[in-house]
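Colleague: Here is the input, now give the coordinates:
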Amino acid sequence: MSQGSNFVDYVKICCRSGKGGAGSAHLHRDVLTSMGGPDGGDGGRGGHIIVKGSIHIWTLLHLKYRKHIIAEDGGAGGSSHKSGKQGKDEILEVPLGTIAKNAETGEVLFEITKDGETKILTPGGRGGLGNAHFKNAVQQTPRFAQPGEQGQEVWNILELKVLADVGLVGFPNAGKSTLLSVVSAAKPEIADYPFTTIVPNLGIVSYRGGKSFVMADIPGIIEGASSGKGLGYRFLRHIERNSVLLFMVPADTSRSIKAEYEILKSELASYNPELMQKPHLLAITKSDMLDDELMEEMKQDLPDIPSIFISSVAEKNILELKDMLWKAIEG
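Modeller: The predicted model follows:
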């Protein structure tokens, strides 16, 4: 995922599915038949608007400026029981983790989680039945047929929640982007000022035996993020789709490590209490400046969760951190 305006995780679109084609009221006529029976074909179905998951897409940017998605109408039925042409479906490719909602009611319609998975966002209208369906003993030559069903016009929301095995949670400048750049091939922007990361970044972390897992660097959270402060609230939803949460607190924090962890945990709990059910791990970053004696002293005041002292720059305890994360993912 690249930085800046190329990352779009929310779009509102108007979806208009195709109208069904009308059934035919044709009566059979040829050189030998002057008063044949009904042979009108059915109308074609109107085009659906379909959402399809793709592992090759990371953002909803391609839909940002497509406010109106219009599918093709179905064709009318013909003579000799010929069915009308089916309207062409409009297929919208989206990243995995995309949720579709009704814009007016807020109802969640479905979620796309697999590559190639398809869901109908707005169904097309059914084609009308031809007059051949209405022939019976009493009415042998019906001169009417069904009209096609109208398509639907609905405003929908597509919202992306990044799917990852491990989510990095921390205040700005906690070292999240540096860790991601060390353990994966991702190249997030890194600088010595807060809020360097303004969009989520994903990286694939290689592990022992050819195994790997996905790590997500979420923009830094500040106190009050769950009530809308900073960038946090907009991106907190991405944490919901992470299997394991790695809290990152720098060794040189002005607060105690335990206090900083509790603030971060409180923000997540305020946003979504279910996040408290996920496995929590703690990494104390920038620990290359600590000696063994100081680390032993700091260990006495750590929260009661699995924790480790690391340094991304010095690559200290990085392999041990991967072991902890893999164990939590598999557990």
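Colleague: Now do the strands in the chain.
Modeller: With strands called from DSSP state E, the chain shows them at 10-16, 49-54, 68-70, 90-95, 98-102, 108-112, 118-122, 153-160, 164-169, 201-206, 212-217, 242-250, 280-285, 307-309.
Colleague: who does the second one touch, helix- and strand-wise?
Modeller: The contact analysis (3 or more CB pairs under 8 Å, 6 or more residues apart in numbering; DSSP states H and E) places strand 49-54 against strand 90-95, strand 98-102, strand 108-112, strand 118-122. Backbone N, C-alpha and C define where each C-beta goes, glycine included.
Colleague: so can I have a markdown table of the ones you listed showing mean neighbour count and distance to residue 147?
Modeller: Converted to a markdown table, the helices and strands packed on strand 49-54 look like this (neighbours: other CB atoms under 10 Å; distance: least, CB to CB, whole Å):
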| stretch | mean neighbour count | distance to residue 147 |
| --- | --- | --- |
| strand 90-95 | 20 | 23 |
| strand 98-102 | 20 | 27 |
| strand 108-112 | 17 | 28 |
| strand 118-122 | 19 | 20 |
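Colleague: can you list those strands in a markdown table and add mean pLDDT and distance to residue 255?
Modeller: Below are those laid out as a markdown table (pLDDT from 0 to 100; distance: least, CB to CB, whole Å):
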| stretch | mean pLDDT | distance to residue 255 |
| --- | --- | --- |
| strand 90-95 | 94 | 36 |
| strand 98-102 | 94 | 35 |
| strand 108-112 | 94 | 37 |
| strand 118-122 | 97 | 45 |
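Colleague: Near residue 252, how many other residues are there?
Modeller: Around residue 252 sit 10 other residues, with neighbours defined as other CB atoms under 10 Å.
Colleague: How about the contacts made by the residue nearest to it when sequence neighbours are not counted?
Modeller: Using CB to CB, 6 or more residues apart in numbering and skipping residues adjacent in sequence, the residue nearest residue 252 is residue 286, 6.1 Å away. Each residue near residue 286 by CB atoms under 8 Å, 6 or more residues apart in numbering is listed here: 175, 250-252, 311.
Colleague: Between the residues you listed, which sits nearest residue 93?
Modeller: For the contacts of residue 286, the residue nearest residue 93 by CB to CB is residue 175; the value is 34.6 Å.
Colleague: Just the pLDDT for the closest residue to that closest one other than its chain neighbours.
Modeller: For residue 175, ignoring the flanking residues on the chain, the nearest one in space by CB to CB, 6+ apart is residue 285 at 3.8 Å. Note on residue 285: pLDDT of 91.
Colleague: roughly how far apart are residue 285 and residue 315?
Modeller: Noted for residue 285: a distance of 12 Å to residue 315, by CB to CB, to the nearest Å.
Colleague: Specify which residue of the two has the higher count of neighbours.
Modeller: Each of residue 285 and residue 315 had its neighbours counted (other CB under 10 Å), and the higher figure belongs to residue 285 (24 against 12).
Colleague: Quick check: bridge partners of the more buried one?
Modeller: Beta bridges link residue 285 to residue 250, judged by DSSP bridges.
Colleague: That one contacts residue 251, correct?
Modeller: Yes: between residue 285 and residue 251 there is a contact under CB atoms under 8 Å: 6.7 Å.
Colleague: about what we covered before: for the residue nearest to residue 175, what are its contacts?
Modeller: 174-175, 178-179, 248-251, 310-312.
Colleague: again with residue 8
Modeller: So residue 8 contacts 59-61, 63-64, 160 (CB under 8 Å, 6+ apart).
Colleague: Narrow those to those that are buried.
Modeller: 59-60, 63, 160 (16 or more other CB atoms under 10 Å).
Colleague: From residue 24, how far out is the nearest residue to residue 78 once chain neighbours are set aside?
Modeller: Spatially, and ignoring its direct neighbours in sequence, residue 78 is nearest to residue 41 (5.2 Å; CB to CB, 6+ apart). Residue 41 sits 5 Å away from residue 24, going by CB to CB.
Colleague: next one: residue 243
Modeller: Taken as CB to CB, the span from residue 243 to residue 24 is 55 Å.
Colleague: name the helices or strands packed onto the biggest helix by length in the chain?
Modeller: When the chain is parsed with DSSP state H, its longest helix is helix 257-271. In terms of contacts (3+ CB pairs under 8 Å, 6+ apart), helix 257-271 is packed against helix 232-239, strand 242-250, strand 280-285.
Colleague: Out of those, flag the one nearest residue 115.
Modeller: Residue 115 lies closest to strand 242-250 among these, at 18.2 Å (CB to CB).
Colleague: Let me see the residues that make contact with that closest one.
Modeller: If you take CB under 8 Å, 6+ apart as the criterion, strand 242-250 is touched by 162, 164-171, 173-176, 179, 216, 239, 257, 260-261, 264-265, 268, 275, 278-286, 305, 325, 328-329.
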